[in-house]
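Enquirer: When you get a sec, could you give me coordinates for this:
(2 chains)
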Amino acid sequence: MLVNQFLLLGAALFCIGVYGVLARRNGVLVLMSIELILNSVNINLVALGSLHGGDAAIAGQVFALFVITIAAAEVGVGLAIVLLIYRNRRDVDLDEINLMKG
Amino acid sequence: MVAQNAFFGFFAAVAVVSAIRVVTTRNVVHAALYLVLVLGSVGATYLLLAAEFVAVVQLLVYIGAIVVLFLFGVMLTRAQIGPELDLDNGQRGIAALVALGLGGLLTYALIDAFRDQELPGLSDADVAARSAGDVADSIFSTYLIPFEVVSVLLLAALVGAIVLARRD
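Expert: Numbering: from 1, shown residues only, chains lettered A, B, ... in the order given. From the prediction side, this is the model:
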């Protein structure tokens, strides 16, 4: 199998995630788009590790596991923040959150 | 080899189409369910790379925990179940332009750098050398300190989420 198959799949998911982050205004949907981006990174880590083989294959998998852990932490804190915004404003529209804008 | 390519092509197509639906659908709950399809397909591609432990963790942590968390988030922030019209802001054109530009750039760079470089074929010994046991050995020896740091990070995130979300 070509290594580019996996890397291009990762690139496609990354770009779709970037589109989602830029174009969505609902806080929960932006967090979902960030998950797409993190997944594309994981594909790259595992595929490039597999390309080099041996210790690098294990290292790629271990780093992918770390990224999954950090994604879980990020979603936990991110959803708590979105929940807090909802509780204060009855809305999760990110375009309206401009209190700290200079 | 043909079977592997067919397996990969199927799951890659499912992942990309579902990912596009995640960022374009008008229904927040549908977006979470399409996210399950994306994550499952990505997990299936890990199997092709002989990373079965990562694939299982992907299913358990992402689909089992994170998507459920998302569904709770949807439930707690909005009672409306059904299509909504105001999920996108006014930047769709620019966002699509940025995404397509980035995609073109990445595609060009990747094809230029790797061309048709093949992944090394996996012998049975390779697959055995990448088993869950070896991943565990590596985590608890070479990567012990990052592992401990990441567990402290997870604890901090847990405490932070509770402090942020509790009512008082």
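Enquirer: Can you pull up the most central residue in chain B?
Expert: Nearest to the mean C-alpha position of chain B, by C-alpha atoms, centre = their mean, lies B:L39 at 4.9 Å.
Enquirer: show me the contacts for the nearest residue to it once chain neighbours are set aside.
Expert: Of all residues not flanking B:L39 in the chain, B:Y62 sits nearest, at 4.4 Å (C-beta to C-beta, 6 or more residues apart in numbering or on different chains). C-betas here are computed from N, CA, C, even on glycine. Applying C-beta atoms under 8 Å, 6 or more residues apart in numbering or on different chains, we find B:Y62 in contact with A:35, A:39, A:68, A:71, B:39, B:43.
Enquirer: Equivalent analysis for A:Y86, please.
Expert: A:92, B:76-78.
Enquirer: ok, and it, which helix or strand is that part of?
Expert: helix A:55-89 (DSSP states H and E).
Enquirer: burial count for B:T45?
Expert: 23 (other C-beta atoms under 10 Å in any protein chain shown).
Enquirer: which element is it on?
Expert: B:T45 belongs to helix B:28-48, assigned by DSSP H and E.
Enquirer: and the helix or strand that comes right after that helix, what does it pack onto?
Expert: The first helix or strand that comes after helix B:28-48 along the chain, using DSSP H and E, is helix B:52-57. Applying 3 or more C-beta pairs under 8 Å, 6 or more residues apart in numbering or on different chains; DSSP states H and E, we find helix B:52-57 packed against helix A:55-89, helix B:28-48, helix B:132-139.
Enquirer: How far off centre is stretch B:153-163?
Expert: 22 Å (C-alpha atoms, centre = their mean, to the nearest Å).
Enquirer: Give me the residues contacting stretch A:51-59.
Expert: Looking at stretch A:51-59 with C-beta under 8 Å, 6+ apart, the contacting residues turn out to be A:3, A:48-50, B:50-51, B:117, B:119-120, B:126, B:129-130, B:134-135, B:138, B:142.
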